[in-house]
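Visitor: 3D model of this:
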Amino acid sequence: MKNSDFYSHQQTHILALSIKQQNTQMQLMLDILLEEHRTLSSTDVDQFERVVSKKQELVNQIESTQIQLTEIHKILGGRLSKERLAAYINSMPANKNRQNLQQLWNNFQDTLKKCSEQNIINHRIMDASSIHLREAIGILRGDNSGPATDVYGSSGKQHTTLDGQSLAFV
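Guide: Numbering: from 1, shown residues only. Now for the predicted structure:
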């Protein structure tokens, strides 16, 4: 085996290990995001806080492993990006190493996409809950500046504002 073949095999091996590691971390993140989604539909605040804590711990772990990417940057000739890695894979000879690396990369991209989609869903739920909470607090305070502050008085008539009245007297 020529030295250049070994180096190319070594580079492919380093890239494959890095992609596998990052995919494993993103799979863990996806699991946490799915758990977060389940806790968002429950009333268990303690469980939600535990999930958020787990998510933050994993984010910290992922950030700490980013220093390992310096070797990847050397192999790719610059910072890791989708385009740069795709170009590197496409420049490889068409063989089993290229196929394996391409499959690992595709799996990683799929996992990232799932994480992103679940994260968006979770944020939408949290945003909607936050809006409903602000509206409820506004109603309780007699603030009529926000939407959905219509209430019904004791006569059964709908009032758009509370005009500073307590809900008990409307």
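
Visitor: any low-confidence regions in the protein?
Guide: Applying pLDDT under 70 to the chain flags residues 1-7, 129-133, 136, 138, 143-170.

Visitor: how about the helices of it, start to end?
Guide: 3-40, 45-65, 69-76, 82-91, 96-141 (DSSP state H).

Visitor: gap between the two ends of stretch 69-87?
Guide: 17 Å (C-alpha to C-alpha, to the nearest Å).

Visitor: could you give me the buried positions within it?
Guide: By neighbour count on 16 or more other C-beta atoms under 10 Å, the buried set for stretch 69-87 is 72, 75-76, 80, 85. (Each C-beta comes from the backbone N, C-alpha and C, glycine too.)

Visitor: with distance to Phe108 as added columns, please give those residues in a markdown table.
Guide: Converted to a markdown table, the buried residues of stretch 69-87 look like this (distance: C-beta to C-beta, whole Å):
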| residue | distance to Phe108 |
| --- | --- |
| Ile72 | 13 |
| Ile75 | 16 |
| Leu76 | 15 |
| Leu80 | 11 |
| Leu85 | 10 |
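
Visitor: nearest to Arg141 among the residues you listed?
Guide: Nearest to Arg141 among the buried residues of stretch 69-87 is Leu80, at 50.1 Å by C-beta to C-beta.

Visitor: ok now do that closest one, which residues does it touch?
Guide: 69, 72-73 (C-beta atoms under 8 Å, 6 or more residues apart in numbering).

Visitor: cool, His37 as well?
Guide: 118, 121-122, 125 are the contacts of His37 under C-beta under 8 Å, 6+ apart.

Visitor: and those residues, which of them are buried?
Guide: 118, 122.

Visitor: contact partners for the nearest residue to Gln11 once chain neighbours are set aside?
Guide: Nearest residue to Gln11, sequence neighbours excluded (C-beta to C-beta, 6 or more residues apart in numbering): Ile75, at 4.8 Å. Contact analysis of Ile75 by C-beta under 8 Å, 6+ apart lists 11, 14-15, 88.

Visitor: which one of those residues has the most neighbours?
Guide: Leu15 (23 neighbours; other C-beta atoms under 10 Å).

Visitor: would you mind measuring from that residue to Phe108?
Guide: 11 Å (C-beta to C-beta, to the nearest Å).

Visitor: quick check, nearest of the contacts of His37 to Lys54?
Guide: Asn122 (13.6 Å).
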